[in-house]
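In: Sharing a model prediction with you, sequence too.
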Amino acid sequence: MRTIFKPESFSKDSNDLYLKAVSEKKTSNNLAVFANYDWLSESHSRGVAQIVAEYVSSGIIDIKPDQQETLVRIAALHDIGKLSWKNVY
Amino acid sequence: MEKCILDKPGNLSKKEWQVIENHPIDGFHRYALQFDPSEALPILLHHTLQTNYYPTSAKMEKNASVYDMSLAELTDDEIMKKAAVIAIADNLEARFPILSVDNPSSHIRKYSGRQYTVEELPILVRASFTEAGKLRKLGLTPLLDTLLEYSNDTFLKKQKSLEPEEE
């Protein structure tokens, strides 16, 4: 059984970056993708996105400021190809 | 992708493996449909830096060409860097779930004294796919130390939980 995501264990900077990257697009009406994203967002992909956010905000990875949010969003959606099509559209 | 493939405990059949190999391509197109296609390239590339990489260069080129993108754009340094960062985090999370670590920030920030070059990142990806013992032979850059710390910490906890209790 996987551990439940614990946002409080990540830095505020990375958490803010993660939430900005994901929630902004989550509210978009055209994103049917996110409506079916819960099983991913609470497990592996959310963990990957949070690690990437941590890398970026801590300065380990040198990514241009205007690309940081995009990178975290891509990380959150990197396995979106594993969702079956019928569940997405 | 069927959940039974993702959750299958044993070896995958050839057909099932083909489905797995296709997920970066599927993911690339789905992201490209919703956002800027050029942003989606790291998704297409995120399994190409590992030893048993996929998809093939030919498949990547064919799928990128749907959006008028060339092979040169696929191998752009910034794109590769993003793909490498995701690959490292992907592998780390899959093998040693970050969410089970008590304080990930402190582990990562402890080693935040330097940044990594584009050339170093693919090495880190490959290293993160190897066993912990092999990682030690690779010079132990700070990020590798971090990976080790995660893996050792998680591994030791798992080992301890499996040990019989002393009477």
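Out: Sure, I can see it. Owing to the predicted nature of the structure, the values given are computational and were not obtained by experimental measurement.
In: residue of chain A with the smallest distance to chain B?
Out: The nearest approach of chain A to chain B comes at residue A:81, 3.0 Å away (C-beta to the nearest C-beta). Quick note: C-beta positions are derived from backbone N, CA and C, even for glycine.
In: tally of neighbours for that residue?
Out: Residue A:81: 22 surrounding residues under other C-beta atoms under 10 Å in any protein chain shown.
In: Go ahead and confirm it touches residue B:46.
Out: No: applying C-beta atoms under 8 Å, one finds residue A:81 not in contact with residue B:46, separated by 10.0 Å.
In: list the residues that contact both of those two?
Out: Applying C-beta atoms under 8 Å, 6 or more residues apart in numbering or on different chains, one finds that residue A:81 and residue B:46 are jointly contacted by residue B:24.
In: per-domain residue ranges of chain B.
Out: Using automatic domain parsing, the domain parsing of chain B gives B:3-73, B:77-162.
In: ok, the nearest residue to residue A:61 once chain neighbours are set aside to residue B:35 distance?
Out: Nearest residue to residue A:61, sequence neighbours excluded (C-beta to C-beta, 6 or more residues apart in numbering or on different chains): residue A:55, at 4.4 Å. Distance, residue A:55 to residue B:35, by C-beta to C-beta, to the nearest Å: 21 Å.
In: Could you report the pLDDT at residue B:42?
Out: On the pLDDT scale, residue B:42 is placed at 91.
In: Burial check on it, number of neighbours?
Out: 27.
In: Give the ranges of residues in the chain that sit below the confidence cut-off.
Out: Using chain A. Where chain A drops to pLDDT under 70, the residues are A:1-9, A:23-43, A:84-89.
In: sorry, should have said chain B
Out: B:1-10, B:50-52, B:92, B:95-167.
In: Residue A:55 and residue B:35: who's more crowded?
Out: Shown here are residue A:55 and residue B:35; by other C-beta under 10 Å, residue A:55 has more neighbours (27 against 17).
In: I'd say that one and residue B:89 touch.
Out: Yes: the pair residue A:55 / residue B:89 is scored as a contact, 7.1 Å apart, by C-beta under 8 Å.
In: Mind jotting down where the helices sit in chain A?
Out: Listed in chain order, the helices of chain A (DSSP state H) span residues A:12-26, A:32-35, A:38-41, A:44-58, A:65-76, A:85-88.
In: Can you say which of the ones you listed is packed in most?
Out: Highest mean neighbour count among the helices of chain A (mean count of other C-beta atoms under 10 Å in any protein chain shown): helix A:44-58, with a mean of 26.
In: Which strands and helices lie in contact with it?
Out: With contacts taken as 3 or more C-beta pairs under 8 Å, 6 or more residues apart in numbering or on different chains; DSSP states H and E, helix A:44-58 sits against helix A:12-26, helix A:65-76, helix B:77-95, helix B:104-110.
In: and the second one with helix A:44-58, angle?
Out: This points to helix A:65-76. Counting by axes from the mean of the first three to the mean of the last three C-alpha atoms, to 10 degrees, helix A:65-76 lies at 160 degrees to helix A:44-58.
In: show me the contacts for residue B:43.
Out: Each residue near residue B:43 by C-beta under 8 Å, 6+ apart is listed here: A:74, A:77-78, A:80-81, B:24, B:27-28, B:31, B:86.
In: Quick check on it: phi, psi?
Out: Note on residue B:43: its backbone torsions stand at phi -70, psi -40 [degrees, to the nearest 10].
In: what about it, distance to residue A:59?
Out: Using C-beta to C-beta, one gets 24 Å for the distance from residue B:43 to residue A:59.
In: same thing with residue A:10?
Out: 15 Å.
In: quick one: which of those two has more around it?
Out: Higher neighbour count among residue A:10 and residue A:59: residue A:10, with 24 against 13, using other C-beta under 10 Å.
In: So the more buried one is in contact with residue A:54, correct?
Out: Yes: judged on C-beta under 8 Å, residue A:10 makes contact with residue A:54 at a distance of 6.1 Å.
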